[in-house]
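Asker: I would like the atomic coordinates for the input below:
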Amino acid sequence: MRSVRARTGSFFMIVGVVLLCSAPRAGAQSVAQAGTWTATPFLGVSFGTSNHLDNSLGIGVGVGYDLTSNLGFEGEIGHVFDVVGDNSRVDWSITNVSANVLYHFDVRGRATPYATFGLGWEHSGVDVENPNPAASYVASSTEIAYNFGGGVKYRVADRMLVRGDLRRFAANDFAPDHWRVYGGLTYEIARR
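Answerer: Alright, predicted model coming up:
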């Protein structure tokens with residue numbers, strides 16, 4: 001199972017690097033538009049979790065503002081349901097809240113690759129059913145965390161884009177570090 005996760009992570013990293021390193025061409029333009037507010041609900045999967053924890057489904061939403069066609073800012077909240085997996089006695093969820101900077105690359109076409117970096121908090125919530133008083137359990141915690149990654153936005157309608165995103169989340173202490181890949185729909189809710 002570990003090798004499948006490693007191959008999946010490697011595949012997405014290679015695709016991301018190729019897209020981010022593609023040279024901008026003359027006349028190329030980003031799908032991001034200056035002065036636009038966006039909302040992106042998404043569905044994702046976490047993988048490559050520290051401490052050899054399992055993969056998990058997650059959901060979230062990001063609200064962003066594109067200052068220019070290249071530079072944008074986004075606030076995001078994401079929740080991973082259970083990184084313990086098939087253990088019926090323990091649930092371990094992760095919630096991230098972050099403020100992110102996005103840089104959209106100028107390329108031809110309706111798809112635009114971007115890079116992102118963000119800072120925020122990660123809450124790691126551990127719930128043990130019928131805990132044994134003699135055993136020690138991992139406690140829940142809230143910590144400072146950062147994330148980095150990239151993705152692609154593809155315009156499918158006048159005010160709607162499809163978005164794919166890959167990020168690494170790392171916390172400063174107990175909370176598990178992990179990769180997250182997601183797909184979402186970005187809605188342009190207001191334009192200047």
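
Asker: From T49, how far off is G64?
Answerer: 26 Å (Cβ to Cβ, to the nearest Å). (C-beta placed from N, C-alpha, C; glycine too.)

Asker: can you check P41 too?
Answerer: Distance, P41 to T49, by Cβ to Cβ: 23 Å.

Asker: before we move on, what about V61?
Answerer: Counting by Cβ to Cβ - V61 and T49 are separated by 22 Å.

Asker: ok, the two, which is more surrounded?
Answerer: Between V61 and T49, counting by other Cβ atoms under 10 Å, T49 is the more crowded of the two (22 against 14).

Asker: Secondary structure element holding the residue nearest to F105 when sequence neighbours are not counted?
Answerer: In this structure, F105 finds its nearest non-sequential neighbour in P113, 5.0 Å apart by Cβ to Cβ, 6 or more residues apart in numbering. Under the criterion of DSSP states H and E, P113 resides in strand 111-128.

Asker: Please compute how far that strand lies from its chain's middle.
Answerer: 5 Å (Cα atoms, centre = their mean, to the nearest Å).

Asker: so what's L20 scoring on pLDDT?
Answerer: If you check L20, the pLDDT there is 48.

Asker: same thing with M1?
Answerer: M1 is given a pLDDT of 44.

Asker: any weak-confidence spans in this protein?
Answerer: 1-28, 130-138 (pLDDT under 70).

Asker: neighbours around the residue nearest to F105, how many?
Answerer: Using other Cβ under 10 Å, P113 is surrounded by 23 other residues.

Asker: just L43 next, same as before
Answerer: So L43, with other Cβ under 10 Å, has 12 neighbours.

Asker: Provide the contact partners of the helix or strand hosting Y65 at residue level.
Answerer: Assigned by DSSP H and E, Y65 belongs to strand 56-66. Identification of contacts with strand 56-66 by Cβ atoms under 8 Å, 6 or more residues apart in numbering yields 32-46, 72-83, 85, 94, 96, 100, 102, 104, 180, 182, 184.

Asker: how about the helices in the chain?
Answerer: 2-21 (DSSP state H).
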